[in-house]
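**Q** Sequence first, then the predicted structure, then my questions.
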Amino acid sequence: MTSLTRNFLALMAAGMVASVSMAMQPAEHTAAKERISADYKMHKDKCSAMQGNAKDICMQEAKGAEKVAKAELEAQYRPSDKTQYKARVAHADAAYDVAKEKCDDLTGNAKDVCRKDAKAAHVRAVENAKVAQVQAQPAATAAEKGAAVAEARKDAAAEKREADYKAAAERCDAMTGDLKAKCVDDAKRMYAQ
């Protein structure tokens, strides 16, 4: 585990703990934003010593950590369902950007599969964030809330299945003939496509 990853996880945990505590004052918010910028610059400087795709991955990790930290800070400063959703999506986007960059080390079908897997993971995270947002919203009755959550879960499941199918179908592209046809049929059956 890289130090950037450890710092990122520590920052995430601190953000979650802090969001439970009292509301943040404007001066604290400004100071936290400055710390986030300083951390980003420090991580960016560490990346400058690297070369090739390792440098690109490092830069994506630094950018992602900054975006997530800013979103978490905003969720702490202005707590709402919307800011919590944005924080979850920022986390998903950051992970997706890093995963795509890591795929650049691969070539051919392996690279395509890697990118589809990254996209599927991103779709799952975003859809989970949408469901969590619906769950957090108040409703007039328990039945209304239950129906809204059920609908959100249904929509999320459909999006996740489609993304997972695309990743599975991409794996089949490396095959030929009857083996490829069977692979595609199995993927369609597995993901109800």
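**A** Looks like it came in fine.
**Q** next SSE after the helix or strand bottoming out on mean pLDDT in the chain?
**A** Per-element confidence for the chain was summarised using mean pLDDT, DSSP states H and E. The lowest value among helices and strands belongs to helix 3-20, with a mean of 52. Proceeding N to C from helix 3-20, the next assigned helix or strand is helix 26-47, under DSSP states H and E.
**Q** Can you tell me what sits against that next one?
**A** With C-beta atoms under 8 Å, 6 or more residues apart in numbering as the contact definition, helix 26-47 has outside contacts at 4, 7, 11, 24, 55, 58-59, 61-63, 65-66, 69-70, 73, 77. From N, CA and C alone the C-beta is placed, and that goes for glycine too.
**Q** Kindly recompute the last result at 7 Å.
**A** Judged by C-beta atoms under 7 Å, 6 or more residues apart in numbering, the contacts made with helix 26-47 from elsewhere in the structure are 4, 55, 58-59, 62, 65-66, 69-70, 73, 77.
**Q** which one is Ala94 nearest to, not counting chain neighbours?
**A** When the adjacent residues along the chain are set aside, Ala94 lies closest to Gly64, with 2.8 Å between them (C-beta to C-beta, 6 or more residues apart in numbering).
**Q** Assess the claim that that neighbour and Asp97 are in contact.
**A** Yes: between Gly64 and Asp97 a contact is recorded at 5.7 Å, counting by C-beta atoms under 7 Å.
**Q** Secondary structure element holding Arg153?
**A** Secondary structure (DSSP H and E) places Arg153 in helix 142-172.
**Q** Run through the neighbouring helices and strands of that helix.
**A** Other elements packing on helix 142-172 under the criterion 3 or more C-beta pairs under 7 Å, 6 or more residues apart in numbering; DSSP states H and E are helix 108-136, helix 177-190.
**Q** now the angle from the longest one to helix 142-172?
**A** Going by axes from the mean of the first three to the mean of the last three C-alpha atoms, to 10 degrees, helix 108-136 is angled at 180 degrees with respect to helix 142-172.
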